[in-house]
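Asker: Show me the folded form of this:
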Amino acid sequence: MSSNRAQAAVKAEAVHKQNIQRSLEHRLQVARATGNEQLIRQLEAEMACYG
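Answerer: Below is the predicted model:
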């Protein structure tokens, strides 16, 4: 039973990381479209943490 919980936790963590990356990518696209250089740099740095 604990093995199932561990597997579920690992899967949840992976899905969470994917969701964060997807959100960051979208925010980066919007920042680039609006020309917000400061936000672009900030988001690129944040993406490096999750990359």
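Asker: Now do the contacts for residue 21.
Answerer: By Cβ atoms under 8 Å, 6 or more residues apart in numbering, the contact list for residue 21 reads 47, 50. C-beta: built from backbone N, CA, C; applies to glycine.
Asker: do residue 48 as well
Answerer: Residues counted as contacts of residue 48 (Cβ under 8 Å, 6+ apart): none.
Asker: And it, how far from residue 28?
Answerer: Look at residue 48 and residue 28: by Cβ to Cβ, to the nearest Å, they are 12 Å apart.
Asker: Poorly predicted segments of this protein, please.
Answerer: When the per-residue scores of the chain are filtered using pLDDT under 70, the ranges that remain are 1, 51.
Asker: Show me which helix runs longest in it.
Answerer: Using DSSP state H, we find that the single longest helix of the chain is helix 2-34.
Asker: Counting neighbours, which bits of that one end up buried?
Answerer: Taking 16 or more other Cβ atoms under 10 Å as the neighbour-count basis, helix 2-34 is seen to contain the buried residues 24, 27, 28, 31.
Asker: what's the nearest residue to the second one if we skip its chain neighbours?
Answerer: Nearest residue to residue 27, sequence neighbours excluded (Cβ to Cβ, 6 or more residues apart in numbering): residue 43, at 5.6 Å.
Asker: Would you mind identifying the next helix or strand past the longest helix of the chain?
Answerer: helix 37-50 (DSSP states H and E).
Asker: What count of nearby residues applies to residue 43?
Answerer: Close neighbours of residue 43, defined as other Cβ atoms under 10 Å, add up to 21.
Asker: hang on, I meant residue 40
Answerer: Other residues within reach of residue 40, judged by other Cβ under 10 Å, total 16.
Asker: Quick check, it in contact with residue 32.
Answerer: Yes - between residue 40 and residue 32 a contact is recorded at 6.0 Å, counting by Cβ atoms under 8 Å.
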